[in-house]
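Visitor: sequence and computational prediction follow.
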Amino acid sequence: MDIVKETKIPEAGWTQHYDVLRELGHCYTSVGEYEKARECYDKAAVLAPDEAAPYIGFGVIAMQTGELADAETAFKVARRLDPECSKAYCGLAMICQQRADAAVAFDLYLKSLELDSDNLTALLGLFQSSCAMGSFSKVIYYLQVYLDEHPGDITVMFCLATLQLKDKQPQKAKELLLNVLALDANNTDAANLLEEVEHTLAQECRS
Amino acid sequence: MTYNNRQSCGPLVSVLISTYNRPGYVREAVASILRQTYPNFEIILVRDGGTPVGDIAGEFGDERLIFIDRDQNRGLPYSFNEALSRAKGMYVTYLGDDDIYYPNHIDVLVDALQSWDEYGVAYSDLYKVNCRVTEDGRRIVLSKNVEISRDFSRMTMLRFNHTLHVSLMHERELLERAGGYNEELNVLMDWDLTRKLVFYTDFLHVPKITGEFYAPVPVDEEQTSYSTPQGDCDRISVKRREDTNDFIRNMLTIRSTRPPKPWPKVEDMSLILLTERLDEATEEVLRDIWSHTFYPCQIYLPLPQEDLSRLRTVVPNIMGVPVSAGASETQRVDTALECCEGDYVAIVPRDFEVGREDMPWIESALQPLMNCDDPNQAFELPASSRQCWAAVFRREQLRRARRLGGHLALAESVAAAGIKLRKPAVEEYPLQFDNLMTGAEEIEKQGDWARAVEVFEYLARNYQNELWMKTRWANALYHAGQYEHAARIVGEVNSKRPTVSTLLMEARAQRKKEDFWGAVDLLEKAKQILEGSELAWTL
């Protein structure tokens, strides 16, 4: 087959079959078809035995179906295959959180965010575990990094405002909540928190 | 079109297949021919040396299979010429010994050629299948892509091949007229075929996928990441290209091939090289012309007989034109012009820098002339200057100018005859599509996706290759974050001809929009294609 020049087509790498199976697994997981998702991940893992993504998929399904031990095994396999896999650390953190081990969960979420500061699941998990532990400075840093990359993300803005209030920064929290309400005037959570922030500020003024 | 029995069938088709040391795969290849919905064909299977396959040929027990068994390995061109000598079909098509047809292959191409009788060649699209080969020879599919899907362009085909050999069907008579395969070639023999055929007919592109060709991925022990495989495929033709000198020899042989006339589809060009003597500089410019000219031409060299008798160049297609010693430049031109057979005549002085820039040199002036309706227009070459003047004319135009102004210098006689000369604008150069594509791909590399969207949209709206360009346009839209628009454009492609990569692209756009069920439907189709061949999925 002698061809001098080839038509270049995107999405055409040698990993295409694996990509299709992995994406299909993700979509089946999203619609709750876990058995079909598992089949896809099984085939993807055979095609690409060194890739972590199918094991992340197995782990997510096991989490969804409440099989924490299986989920832990899957996320550990993923971490072994790819020690830089943010999602593997995030999954392990979620398991620790479900087991009420907030301190370990916090460290794993932190590791996950070090590897990928864009991982929203890890960010929100870090927020929850920090609330449980009463330790805010690190999570505030990561929330701010995330917001620099994704300005206007209301969920993260709200989390950050909550932590700022807990960290005794009510003025910053107020500014952030006003921004949230400018983007979403019907956000009752933000409105309620703003009321609490203003109450705190009023108390500070009186004292 | 459906053919229910051989009595009501269409014309006979000869399927040529040459095999060398691939007994495991050739069985599947032949089986895929025998599964065709079109019944009226003959298979001419040539064993080009190597492992015996007589038992495989025999086990099919089909009278349509003709087996030529040869112990000596002579190469594909020889084998195909041997097969052609036995072929009786009105049409000829080919299959690699490790490739497969889908059942519609012959049907689609015969239907195309029968429906449009102005075409003597039709070609479809094929999946290139990258696969991993297991120790027991099974092929595990890694990807299936339509890498070659270009609409026919004669000028492009003269410069490089844009069709796949296995996707072609042509009238047998055309190849016989062209002189068959060139047995001196060991690579690019399929381009030699298609380039010769463009002299006689237009090609019809049928953008349907009708088969698969396989490209095994080499096992590389150093390879540590699945997502970044190293190396290239191990096909024989790819390996042979590693010998650059041999590759260039083959390429130049093909480019300078002038098949037997008449040429109903290509107008000939004569190039008059003006030099005062035969010296090393002249020989060098001859070599430059040979290596940089892709449009078929004959070089006319007006020199005294004494010089011509010393000419020892390897450059083909040179016609020595004897002139008297001391002949003037216009006398040399006039003498050569009388001999010229080309429809177009180029005048090039010896000191002209041929191929100075990385673009077609003479064709940049020739194509605008071919496209020009004004009989009084001619074109200077882009690098032409007052000191080193080169131009392309219609032959009769220049002859008229010389008849009227034979006493004048060349440029003055051209002006006196009312011939307007100008350099072509860049947008008049040939191969515009390829130039724009190169630019667009550079923009993609820079990550300027918004600009890439504009260029691919322009290409999709203004040039051929609709499905290909829309695919690239949709890809740029996706990367630019315009998921809705990307899904719509690639959806148009998928409604006409879905491929694995376009289905995957549309699915990703749907997923971004959180339409997971929509994405599932598309990905299931992609999965079916990937797992569709019985050879492909054996896990």
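Guide: Looks like it arrived, so ask away.
Visitor: pull the longest helix from the chain.
Guide: In the absence of a named chain, chain A is used. Assignment by DSSP state H gives helix A:188-206 as the longest helix of chain A.
Visitor: try chain B instead
Guide: Max-length helix for chain B by DSSP H is helix B:516-531.
Visitor: let me see the mean pLDDT of that helix.
Guide: The average pLDDT within helix B:516-531 is 96.
Visitor: which positions in that helix come out as buried?
Guide: For helix B:516-531, a neighbour-count test (16 or more other C-beta atoms under 10 Å in any protein chain shown) marks B:516, B:518-520, B:522-527, B:529-531 as buried. Where you see a C-beta, it was placed from the backbone N, CA and C, and this is true even at glycine.
Visitor: give me the subset of those that also touch chain A.
Guide: Filtering those for proximity to chain A by C-beta under 8 Å from any C-beta of the partner chain leaves B:516, B:519, B:520, B:523, B:524, B:526, B:527, B:530.
Visitor: closest one to residue A:36 out of those, please.
Guide: Using C-beta to C-beta, the shortest approach to residue A:36 within those belongs to residue B:520, at 8.5 Å.
Visitor: identify the residues contacting that closest one.
Guide: A:24, A:27, A:28, A:31, B:507 (C-beta atoms under 8 Å, 6 or more residues apart in numbering or on different chains).
Visitor: same deal with residue B:311?
Guide: Taking C-beta under 8 Å, 6+ apart, we find residue B:311 in contact with B:278, B:301, B:318, B:320.
Visitor: need the phi and psi values for residue A:152.
Guide: Main-chain torsions, residue A:152, degrees, to the nearest 10: phi 90, psi 0.
Visitor: quick one: it from residue B:527, how far?
Guide: Distance check for residue A:152 against residue B:527: by C-beta to C-beta, to the nearest Å, it reads 37 Å.
Visitor: residue A:81 too?
Guide: Noted for residue A:81: a distance of 23 Å to residue B:527, by C-beta to C-beta.
Visitor: how about residue B:160?
Guide: Residue B:160 is 34 Å from residue B:527, by C-beta to C-beta.
Visitor: also residue B:375?
Guide: Using C-beta to C-beta, residue B:375 is found at 59 Å from residue B:527.
Visitor: skip ahead from the worst-scoring helix or strand of chain B on mean pLDDT and say which helix or strand is next.
Guide: Lowest on mean pLDDT, DSSP states H and E among the helices and strands of chain B sits helix B:236-240, with a mean of 55. Downstream of helix B:236-240, the first helix or strand assigned by DSSP states H and E is helix B:244-255.
Visitor: chain A: helices as residue ranges?
Guide: Under DSSP H, chain A gives helices at A:16-30, A:34-47, A:53-64, A:68-81, A:86-98, A:102-115, A:120-133, A:137-149, A:154-166, A:170-183, A:188-206.
Visitor: could I get the ones you listed as TSV with distance to chain B, mean pLDDT and mean neighbour count?
Guide: Formatted as TSV, the helices of chain A follow (distance: least, C-beta to the nearest C-beta, whole Å; pLDDT from 0 to 100; neighbours: other C-beta atoms under 10 Å in any protein chain shown):
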stretch	distance to chain B	mean pLDDT	mean neighbour count
helix A:16-30	4	95	25
helix A:34-47	5	96	19
helix A:53-64	10	97	24
helix A:68-81	10	97	19
helix A:86-98	16	96	24
helix A:102-115	17	90	20
helix A:120-133	15	86	20
helix A:137-149	14	83	16
helix A:154-166	16	88	21
helix A:170-183	19	93	18
helix A:188-206	22	90	14
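Visitor: dump the ones you listed to CSV, plus distance to residue B:126.
Guide: Shown next, in CSV, are these (distance: least, C-beta to C-beta, whole Å):
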stretch, distance to residue B:126
helix A:16-30, 16
helix A:34-47, 22
helix A:53-64, 30
helix A:68-81, 35
helix A:86-98, 38
helix A:102-115, 42
helix A:120-133, 43
helix A:137-149, 43
helix A:154-166, 48
helix A:170-183, 51
helix A:188-206, 57
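Visitor: residue B:328 is nearest to which of those helices?
Guide: Nearest of the helices of chain A (C-beta to C-beta): helix A:16-30, 65.8 Å.
Visitor: what's the angle between that closest one and helix B:516-531?
Guide: With axes from the mean of the first three to the mean of the last three C-alpha atoms, to 10 degrees applied, the angle from helix A:16-30 to helix B:516-531 works out at 150 degrees.
Visitor: flag every residue of the stretch 351-500 of chain B that's near chain A.
Guide: Within the stretch 351-500 of chain B, the positions adjacent to chain A are B:434, B:441, B:468, B:471, B:472, B:475, B:499, B:500 by C-beta under 8 Å from any C-beta.
Visitor: let's see which of the residues you listed end up in helices.
Guide: Per DSSP H, these map to helices at B:434, B:441, B:468, B:471, B:472, B:475, B:500.
Visitor: between these, which has the most around it?
Guide: Greatest neighbour count in these, by other C-beta atoms under 10 Å in any protein chain shown, goes to residue B:471: 30 neighbours.
Visitor: for residue A:201, give me its contacts.
Guide: Listed by C-beta under 8 Å, 6+ apart, the contact set of residue A:201 reads A:170, A:171, A:174.
Visitor: residues contacting the residue nearest in space to the middle of chain A?
Guide: The centroid of chain A falls nearest to residue A:121 when counting by C-alpha atoms, centre = their mean (1.5 Å). The contact partners of residue A:121, by C-beta under 8 Å, 6+ apart, come to A:90, A:94.
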